[in-house]
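Q: predicted model, plus sequence, below.
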Amino acid sequence: MTAWFGALVADEIALPRLAPGAEDPLALARQRMVAEQLSCPGRDITNALVLAAMEKVPRHEFVPERLRYQAYQDRPRPIGHDQTISQPYIVAFMTEQLEPKPTDRVLEIGTGSGYQAAILAELAAKVYTVEIIEDLAGRAAVDLKRLGYTNVYVRAGDGYKGWPEAAPFDAIIVTCAPEKAPPPLIEQLKDGGRMIIPVGSSWYQELVLLRKQGGRLERQAVLPVRFVPMTGQSQRSEVPMPKAGAR
């Protein structure tokens, strides 16, 4: 079942949230995050637009209230339902690899907290994002709307199927790991488009950049990673992996 969200009430509101236009007391923390975790030697995020988006978007608004003080640390944080908001470096790295352009229509699979969608919304024309966990989709939709992201469209549903009514997409980003790239997503990628996706088993994954050229896919492995597995039809479509030691 697919659900749409526009005006739901998020939980965990014990601390005040940032109102649009309000002064942000954690701007310095974001500047430090960019300098020490993203653009520093060894991390080498160089895209100025990506760095500017990472410095602008209030990451603390996308984590549970009790964990706000950890929002700008160099690690993922839990957001409920056994899901996480990715480490800032991974968000910036995947965004830089995707090369979003101001005119792009981008599909995100795995909305989670909505933070990656907010980063993309700073860089692209429209962002369509799908989350299989209905509660997370609802919370993300509320937070994105509250923070003024009118170019992000949130849907609760199985990301394996993509968003066919809005296709084709200039770029697709996947933040959960199937065994291989789902055929519906490949089909919904525009010719000349890019997809960044973690693929592999629960014990080994690699981040792969796919480019669609003339109906063919160019594949480049760019980074070993560890993401939560893609659920839904992806798990039903995969062939079981052999047990350890089997040949």
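A: Ah, there it is. Residues are numbered from 1 along each chain as shown.
Q: how about the strands in this protein?
A: Assigned by DSSP state E, the strands in the chain fall at 3-4, 77-80, 83-85, 105-109, 126-131, 152-156, 169-174, 189-200, 205-213, 216-225.
Q: OK, contacts around residue 220?
A: Contacts for residue 220 were tallied using CB atoms under 8 Å, 6 or more residues apart in numbering; they are 208-211. Backbone N, C-alpha and C define where each C-beta goes, glycine included.
Q: any idea how far residue 96 is from residue 89?
A: For residue 89, the distance to residue 96 equals 10 Å [CB to CB, to the nearest Å].
Q: make that residue 38, sorry
A: The gap separating residue 38 from residue 96 is 9 Å, by CB to CB.
Q: which neighbours do these two have in common?
A: residue 45.
Q: neighbour count: these two, which is higher?
A: The residue with more neighbours, out of residue 38 and residue 96, is residue 38; 23 against 19, by other CB atoms under 10 Å.
Q: thinking again about what came up before, touching both of residue 89 and residue 96, which residues are there?
A: Common contact partners of residue 89 and residue 96 (CB under 8 Å, 6+ apart): residue 45.
Q: what is the burial count for residue 27?
A: Neighbour tally, residue 27, other CB under 10 Å: 12.
Q: please apply the same query to the one 4 residues further on.
A: Applying other CB under 10 Å, we find 13 other residues in the vicinity of residue 31.
Q: from memory residue 86 sits against residue 175, does it?
A: Yes: in this structure, residue 86 is within contact of residue 175 by CB atoms under 8 Å, at 6.6 Å.
Q: from the contacts of residue 220, pick the one nearest residue 55.
A: Distance ranking of the contacts of residue 220 against residue 55, using CB to CB, places residue 209 first at 24.3 Å.
Q: for that closest one, which non-adjacent residue is spatially closest?
A: The shortest distance from residue 209 to any non-neighbouring residue, by CB to CB, 6 or more residues apart in numbering, is to residue 220 (4.6 Å).
Q: and the pLDDT at the one you found?
A: Residue 220 carries a pLDDT value of 96.
Q: ok, now how distant is it from residue 179?
A: 18 Å.
Q: give the contact list for residue 106.
A: Residues near residue 106 by CB under 8 Å, 6+ apart: 98, 100, 120, 124, 126-128, 169-173.
Q: for it, give the beta-bridge partners.
A: residue 127, residue 171 (DSSP bridges).
Q: separation between residue 35 and residue 55?
A: 9 Å.
Q: longest helix anywhere in the chain?
A: For the chain, the longest helix by residue count, based on DSSP state H, is helix 134-146.
Q: that helix packs against which elements?
A: Here helix 134-146 touches strand 77-80, helix 115-121, strand 126-131, strand 152-156, going by 3 or more CB pairs under 8 Å, 6 or more residues apart in numbering; DSSP states H and E.
Q: of all those, which lies closest to residue 162?
A: Each of the helices and strands packed on helix 134-146 was scored for nearness to residue 162 using CB to CB, and the closest is strand 126-131 (7.2 Å).
Q: quick check on residue 72: phi, psi?
A: Dihedral angles of residue 72 (phi, psi; degrees, to the nearest 10) stand at phi -100, psi 20.
Q: now do the same contact list for it.
A: 26, 29-30, 32-33, 59-60, 88.
Q: if you rank those residues by neighbours, which is first?
A: In terms of neighbour count, residue 88 stands highest of those at 25 neighbours, by other CB under 10 Å.
Q: just checking, that residue touches residue 36?
A: No: look at residue 88 against residue 36 with CB under 8 Å: they stay out of range, at 10.1 Å.
Q: which residues are in contact with each of these two?
A: With contacts defined as CB under 8 Å, 6+ apart, the residues adjacent to both residue 88 and residue 36 are residue 74.
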